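J.: fold the following for me, if possible:
(2 chains)
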Amino acid sequence: MSSSNRPLSPHLQVYRPQITTTLSILHRITGVALAVGTLLLIYWLAAAASGPSAFASAQGLVGSVIGRLLLFGWTFALFYHLCNGIRHLVWDAGYGFEMRTAERSGLLVVAASAVLTLVSWIAGYTMMGGA
Amino acid sequence: MSLRSPLGRVRGLGSAKDGTGHWWAQRLSAIALIPLTLWFCASVIALSGADYTAVAAWVGSPVVAGLLILLIAATFYHAYLGLQVVIEDYVHRELVKIAGLLLAKAAAIVLALTGILSVLLLLFGQA
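T.: Model prediction:
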């Protein structure tokens, strides 16, 4: 409220970025990105429900270079938000608050998301026979 | 004794009287989404390169259709709860904030309905 002269905490930019804070804001960013990404999911389902020709153009969009880049980004965002979400649930249960533990679990989340993303795409391309 | 500031009491602001409902709903939908998301990712990978008939047959089987509807419902519920917090945190002009919240809610409902109806169409063989 504008009328109060209460002290404010310093703006975030004052602080040195750390792995915990960076991953924290990344959770929000990937969450918002995934919300936008649901547009593609619903478009794909609606196209499938509309028949073969609509589905073919949806597949064409997803299969294009831009489509694949977006899908790759969303794959990482999804796995990151999923893994970091589990990290949050562990915190909610009351575990893992030690500074070193929080940093290690953060690194684990990043590594797991990267591995899951790569494994998914390798598996997907293998299913397509390397197309 | 009231813990509310005199200004807060005059304005009628302060507690949203919502308690932990939002927090709890966000966690529950998150937990539901863990298995649903993993199942969906594995399925989409298995469907890589599949043609229309295969995808339509996959969506149109009862168990898959049911899980997809659950996935869509949990996804858009969770997405709205998350977007709501982001908007409330970063948008401070009251009118823009309310407009953003309503827009996010409307978009979530329209997209969820479109997705669920698409699944039902494929399930009942209208496509």
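J.: in chain A, which ranges drop under the pLDDT threshold?
T.: A:1-4, A:130-131 (pLDDT under 70).
J.: run through the residues of it sitting next to chain B.
T.: Within chain A, the positions near chain B by C-beta under 8 Å from any C-beta of the partner chain are A:1, A:3-4, A:28, A:31-32, A:34-35, A:38-39, A:41-42, A:45-46, A:48-52, A:55-56, A:78, A:82, A:85-86, A:88-89, A:92, A:120, A:123-125, A:127-129, A:131. Placement of C-beta: from N, CA and C, glycine included.
J.: center of chain A, which residue is that?
T.: Within chain A, one residue has its C-alpha closest to the average C-alpha position: by C-alpha atoms, centre = their mean, that is A:Ala77, at 1.8 Å.
J.: just checking, it touches A:Thr30?
T.: Yes: applying C-beta atoms under 8 Å, one finds A:Ala77 in contact with A:Thr30, separated by 4.0 Å.
J.: which of the residues of chain A next to chain B count as buried?
T.: Restricting the residues of chain A next to chain B to buried positions leaves A:31-32, A:34-35, A:38, A:41-42, A:45-46, A:48-49, A:55, A:78, A:82, A:85-86, A:88, A:120, A:124, A:127, with burial counted as 16 or more other C-beta atoms under 10 Å in any protein chain shown.
J.: enumerate the residues of chain B near chain A.
T.: Applying C-beta under 8 Å from any C-beta, we find that chain B lies next to chain A at B:7, B:27, B:30-31, B:33-34, B:37-38, B:41, B:44-49, B:52, B:55-56, B:59, B:68, B:72, B:75-76, B:79, B:82-83, B:86, B:111, B:114-115, B:117-119, B:121-122, B:126-127.
J.: how does it look with 6 Å?
T.: B:30, B:37, B:45, B:48-49, B:52, B:55-56, B:79, B:82-83, B:111, B:114-115, B:118, B:121-122, B:127 (C-beta under 6 Å from any C-beta of the partner chain).
J.: show me how to select, in PyMOL, the buried members of these.
T.: Applying 16+ other C-beta under 10 Å to the residues of chain B next to chain A, the buried members can be selected in PyMOL as follows:
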select buried, chain B and resi 30+37+45+48+52+55+56+79+82+83+111+114+115+118+121+122+127
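J.: what sits against the residue nearest to the centre of chain A?
T.: Applying C-beta atoms under 6 Å, 6 or more residues apart in numbering or on different chains, we find A:Ala77 in contact with A:Thr30, A:Ala33, A:Leu34.
J.: kindly recompute the last result at 8 Å.
T.: When contacts are counted by C-beta atoms under 8 Å, 6 or more residues apart in numbering or on different chains, A:Ala77 is found next to A:Thr30, A:Ala33, A:Leu34, A:Gly37.
J.: the second one and chain B, how far apart?
T.: When you say that, I think you mean A:Ala33. Using C-beta to the nearest C-beta, to the nearest Å, one gets 11 Å for the distance from A:Ala33 to chain B.
J.: now do the SS call for that residue.
T.: helix (DSSP: H, G, I helix; E, B strand; the rest coil).
J.: what's the answer for B:Ser2, then?
T.: Assigned state for B:Ser2: coil (three-state reduction, three-state DSSP).
J.: okay, now it: neighbour count?
T.: Other residues near B:Ser2 number 8, with proximity taken as other C-beta atoms under 10 Å in any protein chain shown.
J.: gap between the helix or strand containing B:Thr53 and the chain center?
T.: Following DSSP states H and E, the helix or strand that holds B:Thr53 is helix B:52-59. Offset of helix B:52-59 from its chain centre (C-alpha atoms, centre = their mean, to the nearest Å): 25 Å.
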